[in-house]
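**Student:** Provide a 3D model corresponding to the input given below.
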Amino acid sequence: MPAAHPITDLYADHHRWLHAWLRKKLGCTHRAADLAHDTYMRLLNREEMPVLDEPRAFLVTVAQRVLSNHWRHERVERAFLETLAQWPEAVAPSAEEKACLLETLVEIDRLLDGLPAVVKRAFLHAQLDGMSHTEIAATLGISISSVKRYLIKAGTQCYFALALD
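**Tutor:** Okay, here's the model as predicted:
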């Protein structure tokens, strides 16, 4: 008989507790169930499971990252929907296009995570708005050399974040 996956015991022993912990954070049992599932899926995708002296502390750490991603996704989605509400109905994207655009925006936000806001804005102006270095500099009130430096910084972060995935 093959050995059980190391997550099996962790799940059996702590799933109910993790779900309750997430429910307190979110105030919603359904979202808590989804994020508990995502937490264990993240663990299943790991190449190795560490030996755990404090399994609940470990689960909290992983779940907090999942929760952070959830809140980031909600923030991006809310901003996206607010922007779409201002678009004329004639140019509004289809449901499929909206889903694709939202997924892309969430991924870009994840890739740029940790960069200063001005670096993100410069990158987004260049990539999404098609603005020139001069236009970005004028919009953000910074020098063209800063724009170039910021674009290199953001591009490098995206490249290495994608390489690690």
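**Student:** going forward, measure contacts and count neighbours with C-alpha atoms only.
**Tutor:** Will do.
**Student:** Please give me every residue in contact with Ser132.
**Tutor:** The contact partners of Ser132, taken as C-alpha atoms under 8 Å, 6 or more residues apart in numbering, are Ala126.
**Student:** And it, how far from Ile144?
**Tutor:** As judged by C-alpha to C-alpha, to the nearest Å, Ser132 and Ile144 stand 10 Å apart.
**Student:** Show me this protein divided up by domain.
**Tutor:** Segmentation of the chain into domains, based on automatic domain parsing, reads 1-88, 112-165.
**Student:** Tell me where the model's unsure across the protein.
**Tutor:** 1-4, 164-165 (pLDDT under 70).
**Student:** which residues of it fall in helices?
**Tutor:** Taking DSSP state H to define them, one finds helices in the chain at 6-26, 29-44, 55-85, 95-111, 117-127, 133-140, 144-164.
**Student:** In the longest one, which residues are buried?
**Tutor:** Within helix 55-85, the residues scored as buried using 16 or more other C-alpha atoms under 10 Å are 56, 59-60, 62-64, 66-67, 72-73, 76-77, 80.
**Student:** who does that helix touch, helix- and strand-wise?
**Tutor:** Contact partners of helix 55-85 among helices and strands, from 3 or more C-alpha pairs under 8 Å, 6 or more residues apart in numbering; DSSP states H and E: helix 6-26, helix 29-44, helix 95-111.
**Student:** And the ones you listed: which comes nearest Pro88?
**Tutor:** helix 95-111 (14.6 Å; C-alpha to C-alpha).
**Student:** quick one: the closest one to helix 55-85, angle?
**Tutor:** Between helix 95-111 and helix 55-85, the angle formed by their directions is 130 degrees, by axes from the mean of the first three to the mean of the last three C-alpha atoms, to 10 degrees.
**Student:** Give the other helices and strands that helix 95-111 contacts.
**Tutor:** helix 55-85, helix 144-164.
**Student:** tilt between that helix and helix 117-127?
**Tutor:** Using the same axes, to 10 degrees: helix 95-111 against helix 117-127 is 140 degrees.
**Student:** how far is helix 95-111 from where the chain is centred?
**Tutor:** Helix 95-111 sits 10 Å away from the centroid of its parent chain (C-alpha atoms, centre = their mean, to the nearest Å).
**Student:** Please consider this matter closed, and thank you.
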